[in-house]
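Colleague: Return a 3D structure for these sequence lines:
(one chain, ligands or ions: 1)
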Amino acid sequence: MRILVTGARGKVGAAAVAALTDAGHEITATDLGLPVFEARPDGVPYIRADLTDAGDAFAVVRGHDAVVHAAAIPDPISSPPHRVFENNLMAIFNTLEAAVRSGAARFVNLSSETVPGFIFPERPWVPDYLPVDERHPIRPQDPYATAKHFGEQLMDRAVRLSDITCVSLRPSWCSGRATTSRESGRGCASRRAQRASGPTPTSTTWRTRSDSPRPRPRPDTRSSTSQRPTSLRTSRSQRSPGASTASRRPRSDRRRSPAGERDLQRQGAPVARL
Ligand SMILES: NC(=O)c1ccc[n+]([C@@H]2O[C@H](COP(=O)([O-])OP(=O)(O)OC[C@H]3O[C@@H](n4cnc5c(N)ncnc54)[C@H](O)[C@@H]3O)[C@@H](O)[C@H]2O)c1
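Modeller: Next up is the predicted model:
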């Protein structure tokens, strides 16, 4: 299969290129960065493209059977909000539009576990129930999660208007060299230092449980106090068998386990605030 991987220099994109190449597919990699003149050691052709530009998107998508779309600004804290929203929404719109118009058979959309409402809400947010699954109500506040939510809706639109098959995945905390400091806690520490030196218009203050006021329980929600991201993988607009599905529990099974909740509270996950 001829597959285009966008965001190919990122954590998820690079892993997808390697896995799909190993599986015997014919891959084209694309990203924002300059290509190098020398051939890549893996022999995968690379094309530089900014997918917010429709012309770039149509030029790189054409001729592929499938697209794995991993290109995005992957958080709402390190770029201005309008940049995150515009980049992520227009990149997915153009890439999907190009896939539909050029007759690609399949589109894999890297969405996000933030779509239901965590990890970057401005106002306190707690899930209605745990574990969060794909039936959880969608209440994003930040520009990143909102654009991801709209991206999933674009998948629904694409399958309404064409024969393309679309799958949205909501990965959680994919690791790579770039995230080492965040996962070791140093990212949180540097953000606390940044807060101490004063806020910037685009900065986000990270608070750990130890320095966060505990949100007051709301009487009308069946909520947990933990905002630790729950691993979630979901598919939408999905037509083909064998693609991923998240567990769909009957509502009666969604009781919280007190032991599990205590365990989550003890872990003291970082809570982000814009
Ligand atoms: N890493 C995670 O834990 C995680 C969790 C949930 C969702 N996601 C999603 O998975 C995807 C990949 O995430 P990642 O962690 O590999 O991010 P990353 O930042 O490592 O890689 C993203 C790549 O997209 C490219 N890109 C951004 N805007 C572009 C544009 N307009 N045109 C072309 N390329 C562009 C960047 O240059 C970068 O190389 C993203 O959509 C992200 O939102 C990641």
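Colleague: Tell me where the stretch 51-200 of the chain has strands.
Modeller: 66-69, 106-110, 165-169 (DSSP state E, counting those that start in this stretch).
Colleague: Mind exporting the C-alpha coordinates of the shortest one to CSV?
Modeller: Think strand 66-69. Backbone C-alpha positions of strand 66-69 (Å, rounded to 0.1, in the frame of the first residue of the first chain) are rendered in CSV as follows:
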residue,chain,number,x,y,z
ALA,A,66,-3.9,5.9,2.6
VAL,A,67,-2.8,8.7,5.0
VAL,A,68,-1.7,8.5,8.6
HIS,A,69,-2.1,12.1,9.8
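Colleague: Strand partners (parallel or antiparallel) of it?
Modeller: Strand 66-69 has the following strand partners under DSSP bridges: strand 2-6 (parallel), strand 106-110 (parallel).
Colleague: residues in contact with it?
Modeller: 1-7, 13, 16, 20, 61, 91-92, 95-96, 99, 104-110 (C-beta atoms under 8 Å, 6 or more residues apart in numbering). The C-beta positions use only the backbone N, C-alpha and C, and glycine is treated the same way.
Colleague: Mind giving me the PyMOL command for buried ones among the residues you listed?
Modeller: Restricted to buried positions by 16 or more other C-beta atoms under 10 Å, the PyMOL selection for the contacts of strand 66-69 reads:
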select buried, resi 3+4+5+6+7+13+16+20+61+91+92+95+96+99+104+106+107+108+109+110
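Colleague: Would you mind measuring from residue 70 to residue 146?
Modeller: 19 Å (C-beta to C-beta, to the nearest Å).
Colleague: Between these two, which is the more surrounded one?
Modeller: For residue 70 versus residue 146, the count of surrounding residues by other C-beta atoms under 10 Å is larger for residue 70: 26 against 20.
Colleague: what's near enough to touch residue 2?
Modeller: With C-beta under 8 Å, 6+ apart, residue 2 has these contacts: 25, 26, 28, 63, 64, 65, 66.
Colleague: which bits of the stretch 101-250 of the chain sit near the ligand?
Modeller: Neighbours of the ligand within the stretch 101-250 of the chain, by C-beta under 6 Å from any ligand atom: 110, 112, 113, 171, 172, 173, 174, 178.
Colleague: 5 Å - rerun?
Modeller: For the stretch 101-250 of the chain, the residues in contact with the ligand (C-beta under 5 Å from any ligand atom) are 110, 112, 171, 173, 174.
Colleague: Return the residues in contact with the residue lying closest to the second one once chain neighbours are set aside.
Modeller: Beyond its immediate neighbours in the sequence, the residue positioned closest to residue 112 (C-beta to C-beta, 6 or more residues apart in numbering) is residue 148, lying 4.4 Å away. With contacts defined as C-beta under 8 Å, 6+ apart, residue 148 is in contact with 88, 111, 112, 114, 115, 140.
Colleague: quick one on the thing from earlier: so which of the residues of the stretch 101-250 of the chain next to the ligand is the most crowded?
Modeller: That'd be residue 112 among these, by other C-beta under 10 Å, with 26 neighbours.
Colleague: From residue 160, how far out is that residue?
Modeller: 22 Å.
Colleague: How about residue 126?
Modeller: For residue 126 relative to residue 160 (C-beta to C-beta), the value is 33 Å.
Colleague: more crowded one of these two?
Modeller: Taking neighbours as other C-beta under 10 Å, residue 126 and residue 160 compare with residue 126 leading, 19 against 8.
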